[in-house]
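> Structure for the following, please:
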Amino acid sequence: MSYTGKIKLVIVDMGGTLCDGPADLRHIYPGDDGLGVKSPVIPFDEALRKHGMTADWATIRKPMGLFKRDHLKALLSEPGINKQFKELYGRDWTEEDVDKIFADFTTILDDVIVRPELAMPIPGAKEAIDEWRAAGVLIGSTTGYTATAAQKLSAYLKEHYELYIDYPAWPEQVRAGRPYPWMIFKIMTEANVYPPAAVVKIGDTKFDIAEGANAGVWTIGTYQSGNNTYEELEAAGADFLVPSIAQCPDIICNQIEPKLYRGELPGQRCNA
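Model prediction:
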């Protein structure tokens, strides 16, 4: 029998969905492309340069949404970066190389993640969270950030904006990060929320959408606030597509919950 109740749990991505939105910061970061979720791009750029390699921001963004160690491995497999590595070191990269570059990346990320120009809520994010919480909806978050970075960012948002998450999760707590659904299942277990149809996942990357789809929950892709475009999120199979998190309360109230009432389940696309 299909679930016909209300949404009980909303799970948001952090960078590019909840905070770190689009802005022109070329006066601070010359390579800035104006898109959201800059916080991971900057340390990847700096860490690669430290090890003798360069990449433009568009290349660095390609694996966005993955756990950042997996993101780094994907970057080292990119043809242009892989060629640079082989020219520098005369061999293929190894896990030991990943360890060294990732250590530098995480050190830089822990500083960048709470820079005021980046760690700002996306317009409408706090209002959406407050609206859901007032209605009794629980709030969770998944991320590609490391535990330390995610905790630093969460503490910053709570202290400076009174924006907090009831059930945060990060990849090191589970078997694997996105696109696997384990972070979502962890949050559902801790929040004691089921079935998956009572849950919504909101994110700005194709891996957010894959994570939600693999968990069997509703997915909303935000195509103006973060990393991936409308077309990329549509191709990933998002149930709904909106400019930013600001439109998500309306989508849940006026589109998802009526679908649930009619006995419909996640997996159908509808653009807003």
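
> Mind picking out the helix or strand in the chain with the poorest mean pLDDT?
Using mean pLDDT, DSSP states H and E, strand 270-271 stands out as the lowest-scoring helix or strand of the chain, at a mean of 47.

> what's next to stretch 232-247, contact-wise?
12, 17-18, 21, 122-125, 127-128, 202, 204, 206, 209-210, 213, 218-225, 228, 230, 248, 251, 255-256, 266-272 (Cβ atoms under 8 Å, 6 or more residues apart in numbering). Backbone N, C-alpha and C define where each C-beta goes, glycine included.

> List buried members of these by neighbour count.
12, 17-18, 21, 122, 124-125, 128, 202, 204, 206, 209-210, 213, 218-225, 228, 230, 248, 251, 255-256, 266 (16 or more other Cβ atoms under 10 Å).

> partners of the helix or strand hosting residue 141, with directions?
Using DSSP states H and E, residue 141 falls within strand 138-142. Strand 138-142 has its sheet partners listed here by DSSP bridges as strand 9-13 (parallel), strand 167-168 (parallel).

> what's the angle from the helix or strand just after the shortest one to strand 9-13?
The helix or strand immediately downstream of strand 167-168 is helix 182-191, counting by DSSP H and E. Angle, helix 182-191 to strand 9-13, by axes from the mean of the first three to the mean of the last three Cα atoms, to 10 degrees: 140 degrees.

> mean confidence score for helix 182-191?
For helix 182-191, mean pLDDT is 99.

> tell me what it is packed against?
In this structure, helix 182-191 packs against strand 9-13, strand 138-142, strand 167-168, strand 199-203, helix 206-215, with contacts taken as 3 or more Cβ pairs under 8 Å, 6 or more residues apart in numbering; DSSP states H and E.

> Compare the ones you listed and report which one is nearest to residue 48.
Among the helices and strands packed on helix 182-191, helix 206-215 comes nearest to residue 48, with 20.7 Å by Cβ to Cβ.

> next SSE after that closest one?
Per DSSP H and E, the first helix or strand lying C-terminal to helix 206-215 is strand 218-222.

> For that next one, list the C-alpha coordinates in CSV.
Provided in CSV are the C-alpha atoms of strand 218-222 (Å, rounded to 0.1, in the frame of the first residue of the first chain):
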residue,chain,number,x,y,z
TRP,A,218,11.8,12.4,-3.7
THR,A,219,14.5,14.5,-5.3
ILE,A,220,14.6,18.2,-6.0
GLY,A,221,17.5,19.6,-8.1
THR,A,222,18.5,23.3,-7.6
